[in-house]
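Visitor: Sequence first, predicted model second:
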Amino acid sequence: MEKGKLIIAKIILILFSIVFLFSLYHVVVWILNNRSTGKLIDELQDMVVLEDAKVSTTTEILDRSRYHDVSLLSVDFTDLLSQNNEVVGWIQIPGTNINYPFVQHSDNSYYLNHSFDRSYNWAGWLFLDYRSSIDPLDMNTIIYAHGRVDGTMFGSLKNVLTSEWKKQEQYYIRVSTLSYNYLFEIFSAYYIPTTTDYLNTNFSNKQEYEEFLKKIQSRSMIRFDTSVTTANKIITLSTCYNNYEKMVVHGKLIKQEKRY
């Protein structure tokens, strides 16, 4: 009897040891990934000069709003393309840590566990949906990234739901791509149980698109003083809010400029 209890105790000890070592491994990898990602972010932001684009004859005001006078962001992608030829743009959101280049692969899984330099990294990187077009835009252009607890990638996207962010009243997103500079006004922000019903990139007719816009705008946890219609193209930012919910931000295109 005592021998049987001793065997059970040893088995339990072994199982606990395995769980501990597995957890320790994940913690160590998480720390190393964070360090690697933080270093890469610093290098990229030091490498690239971000400039406010001057108003030119190619600047188009597509939807007049309180933000249509905000300067467009312009990025020189020469050095970035030498690092990764899949880079397609740069995104910047005031009041968050989001100030990164984003990439596009042939699927939506590669950059879930690969960094900008294509090294294997659980932190992943910001990436454009493989179905999406960025130059020119689809009706709904989608960008994903992990919601990292250290605030990197889209980890600070949830800032848009805080009272501090609301006070800034900077409800816009600046995007620079290889061919265009874009300005979007945020019109909806929310978290929701995991679903894919906001990830349509194109629509068969105007009515379908109108119903889609009404749905995503009605979900907003902030009452934005703006409207969105079927004449607007939109951008969608998607990340994890927690293990069971997604954090989503939508913006409508209000200004654009063809770069070359």
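Guide: Perfect, thanks for sending it.

Visitor: Ramachandran coordinates for residue 127?
Guide: Dihedral angles of residue 127 (phi, psi; degrees, to the nearest 10) stand at phi -140, psi 150.

Visitor: thought it was touching residue 104?
Guide: Yes - applying CB atoms under 8 Å, one finds residue 127 in contact with residue 104, separated by 6.1 Å. Where C-beta positions appear, they are placed from N, C-alpha and C, glycine not excepted.

Visitor: which element is the nearest residue to residue 195 once chain neighbours are set aside on?
Guide: In space, and not counting its chain neighbours, residue 195 is closest to residue 246: 7.2 Å by CB to CB, 6 or more residues apart in numbering. Following DSSP states H and E, one finds residue 246 within strand 245-258.

Visitor: cool, and residue 232?
Guide: Applying DSSP H and E, one finds residue 232 in no helix or strand.

Visitor: Could I get the phi/psi values of it?
Guide: With angles defined as degrees, to the nearest 10, residue 232 sits at phi -90, psi 140.

Visitor: rewinding a little: any idea how far the residue nearest to residue 195 is from residue 198?
Guide: 8 Å (CB to CB, to the nearest Å).

Visitor: Equivalent analysis for residue 146, please.
Guide: Taken as CB to CB, the span from residue 146 to residue 198 is 18 Å.

Visitor: before we move on, the earlier item: shared neighbours of residue 246 and residue 198, anything?
Guide: Counting by CB atoms under 8 Å, 6 or more residues apart in numbering, the common neighbours of residue 246 and residue 198 are 192, 238.

Visitor: so residue 215, which of the three states?
Guide: Remark: residue 215 carries the secondary structure label helix [criterion: DSSP: H, G, I helix; E, B strand; the rest coil].

Visitor: Quick one: residues contacting it.
Guide: Residue 215 makes contacts with 197-198, as judged by CB under 8 Å, 6+ apart.

Visitor: Quick check: pLDDT value at it.
Guide: On the pLDDT scale, residue 215 is placed at 96.

Visitor: burial of residue 81, as a residue count?
Guide: 14 (other CB atoms under 10 Å).

Visitor: Surely it touches residue 89?
Guide: No - counting by CB under 8 Å, residue 81 stays clear of residue 89, with 11.5 Å between them.

Visitor: Kindly provide the distance from the closest residue to residue 142 other than its chain neighbours to residue 198.
Guide: Spatially, and ignoring its direct neighbours in sequence, residue 142 is nearest to residue 129 (4.0 Å; CB to CB, 6+ apart). Distance of residue 129 to residue 198, computed by CB to CB: 12 Å.

Visitor: count of residues packed around residue 67?
Guide: 19.

Visitor: Determine the three-state secondary structure at it.
Guide: Following three-state DSSP, residue 67 is assigned to coil.

Visitor: which residues touch it?
Guide: Shown in contact with residue 67 (CB under 8 Å, 6+ apart): 171-172, 183, 185, 254.

Visitor: quick one: which of those is most hemmed in?
Guide: Ranking the contacts of residue 67 using other CB under 10 Å puts residue 183 first, with 28 neighbours.

Visitor: Does that residue lie in a helix or a strand, and which?
Guide: strand 180-193.

Visitor: do the same with residue 165
Guide: Applying DSSP H and E, one finds residue 165 within helix 163-168.

Visitor: Contact partners for residue 154?
Guide: Counted by CB under 8 Å, 6+ apart, residue 154 has contacts 98, 126, 144-148, 237-239, 247.

Visitor: one more time with 6 Å, if that's ok
Guide: Residues near residue 154 by CB atoms under 6 Å, 6 or more residues apart in numbering: 145, 147, 239.
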